[in-house]
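In: This is a predicted model, with the sequence first.
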Amino acid sequence: MFYDEVKIKIKAGDGGKGLTSFRRERFIARGGPDGGDGGRGGSVFFKVNPNLGTLQFFNTKKIFQAENGKPGGKKEKKGKTGRDLILEIPQGTMVYDAETGELLFDLSSKEELIEIADGGRGGFGNTHFATPKNQAPRMAELGEPGYEKELRLELKLIADTAIIGIPSSGKSTLISVISNAKPKIAPYPFTTLFPNLGVVSVGEFSFVVVDVPGLIKDAYKGKGLGDKFLRHIERSRIIVHLLDITSVDLVADYKNIRKELELYNSVLLKKPEIIAVNKIDVFDKKQETRNKKQITKRLGKKDVFFISAVTKEGVNELLFEIAKKLRTLPRPVFIKEKKKVFRPQEKLLRNFEIKKEKEVFTVTGKRLERIASQTDPNNIEALSRLLKALESAGLAEELKRKGIKNNHIIKLGRRTGRFKDGKIIIIG
């Protein structure tokens, strides 16, 4: 099967937990805190592999997570960093935010490596919380959660030349003759169920070609194989429109397919086009000559190539013309990736928003969420630190303005609280 669109979920690794520990050495009384920091969680990367031609790998597995960071150790030993996760994708993959539809990356360069989600920071060990007033802190931070996101991957094959035409016009036969592609071929429509890529050599010049299956009248309405493969024409520099000389109305076929391109994306009609009429081997020379004149006149085109993909007659002339045009055309300029690495953004404590839904108040603010998520709810000192941060942020006062009442629930990051007598009480 050919997969050119999938939805996946990625998650960077969580940071490791910091350690609460004290020095325990002979002859050293009351050793100070020596808890180490947790290791950073692994990040998630996309790497372009030009040898891949489909998103099939992502069809069976939908959730991908990098390794979590390891906990901190005694004697201020930092935990091990989690292993990064590198996901290989085909060249030409476009990465969208599945929720908003925003294009995040257009990965069109060979061997491109992009960090998608940043691993969570490791929690501080109790060494970091020692002060002159509190020389033996009994708290440490939990690891910061790794960022997670749902993405939609869409593959647009990168080819210099796209071969289009009605089913059974000979596209697959032609690409098998001129390139290293090995498509499935049979004498009936819709044999080809997915695009085939091949590399063509003309002397010392080479180019990539793709045949686009399933185009018929009203393909944009979903007829035939629909318009799902039209996206693979968008990156091509030249379109080769292959016509079947044995068709009942060859000119109507040409106009119908052109109309489908226009309905999908009118920009496709502006691409340089070469018309090739296939299967001339079915006629004798007199009929062939007569048909060539009639077809050229009806199409209203000067340069029409007449070929036989079976006998290879006229194929070399067609390839030389494609190579000639490609040499004069500029390389396409793709949208540059936005370098949108998903990571929690550190902002002021007072930068937060409150969303009310019945008796539940959800607080969102990256810095407050981070502090809350890294707080151990079972540690009194850690909870005290969190409550001081919430007080500094003015969260309770803002909740009052939003209409919060006693026993209403507050959600902040991984933590849940309850409002009681004008104060926030963390319950989990």
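Out: Ah, there it is. Numbers count the residues shown, from 1 in each chain.

In: so Glu67 sits in a strand?
Out: No. Assessed with DSSP: H, G, I helix; E, B strand; the rest coil, Glu67 is coil; it does not lie in a strand.

In: That one: neighbour count?
Out: The criterion is other C-beta atoms under 10 Å. On that basis, Glu67 has 20 neighbouring residues. Quick note: C-beta positions are derived from backbone N, CA and C, even for glycine.

In: List the residues that contact it.
Out: Taking C-beta atoms under 8 Å, 6 or more residues apart in numbering as the criterion, Glu67 is in contact with Gly13, Gly41, Gly42, Gly82, Arg83, Asp84, Leu85.

In: Are any of those residues buried, and if so which?
Out: Judged by neighbour count, with 16 or more other C-beta atoms under 10 Å as the criterion, the buried members of those are Gly13, Gly41, Gly42, Gly82, Asp84, Leu85.

In: Could you list which of those residues belong to strands?
Out: Secondary structure assignment by DSSP state E places Leu85 of those in strands.

In: okay, the buried ones among the contacts of Glu67 in CSV with distance to Glu144 and pLDDT next?
Out: Compiled in CSV, those are given as follows (distance: C-beta to C-beta, whole Å; pLDDT from 0 to 100):
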residue, distance to Glu144, pLDDT
Gly13, 10, 95
Gly41, 8, 95
Gly42, 13, 95
Gly82, 12, 95
Asp84, 16, 95
Leu85, 17, 95
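
In: so which two of the buried ones among the contacts of Glu67 are the farthest from each other?
Out: Across these, the two members that end up farthest from each other (C-beta to C-beta) are Gly41 and Leu85, 10.3 Å apart.

In: Now for those two: what residues contact both?
Out: Shared contacts of Gly41 and Leu85, counting by C-beta under 8 Å, 6+ apart, come down to Ala66, Glu67.

In: Double-check Ile178 against Val199; I have them as touching.
Out: No. At 9.6 Å, Ile178 and Val199 do not qualify as touching, with contact defined as C-beta atoms under 8 Å.

In: what residues are shared contacts of those two?
Out: Where contact means C-beta under 8 Å, 6+ apart, the residues bridging Ile178 and Val199 through contact with each are Val209.

In: And the two? Which one has more around it.
Out: When Ile178 and Val199 are compared for neighbours, Ile178 comes out ahead with 23 against 14, by other C-beta under 10 Å.

In: Quick one: residues contacting Glu141.
Out: Remark: with contacts taken as C-beta under 8 Å, 6+ apart, Glu141 is in contact with Lys17, Gly18, Gly38, Gly123, Phe124, Gln374, Thr375, Asp376, Ala382.

In: Relative to Leu230, which of those is nearest.
Out: Of all the contacts of Glu141, Leu230 sits closest to Gln374, with 48.1 Å by C-beta to C-beta.

In: In three-state terms, label the nearest residue in space to the closest one that is not next to it in sequence for me.
Out: The spatially closest residue to Gln374, leaving aside those adjacent along the chain, is Glu141, at 4.3 Å (C-beta to C-beta, 6 or more residues apart in numbering). When the structure is reduced to helix, strand and coil (three-state DSSP), Glu141 reads as coil.

In: what does the one 5 residues further on give?
Out: Of the three states, Gly146 takes coil according to three-state DSSP.

In: ok, now how distant is it from Gly18?
Out: Using C-beta to C-beta, to the nearest Å, one obtains 16 Å as the distance from Gly146 to Gly18.

In: Who wins on neighbours among the contacts of Glu141?
Out: Within the contacts of Glu141, neighbour counts (other C-beta under 10 Å) peak at Gly38, which reaches 35 neighbours.

In: Hmm, Thr93 and Arg231 touching each other?
Out: No. Checked against C-beta under 8 Å, the pair Arg231 and Thr93 is beyond contact range at 11.8 Å.
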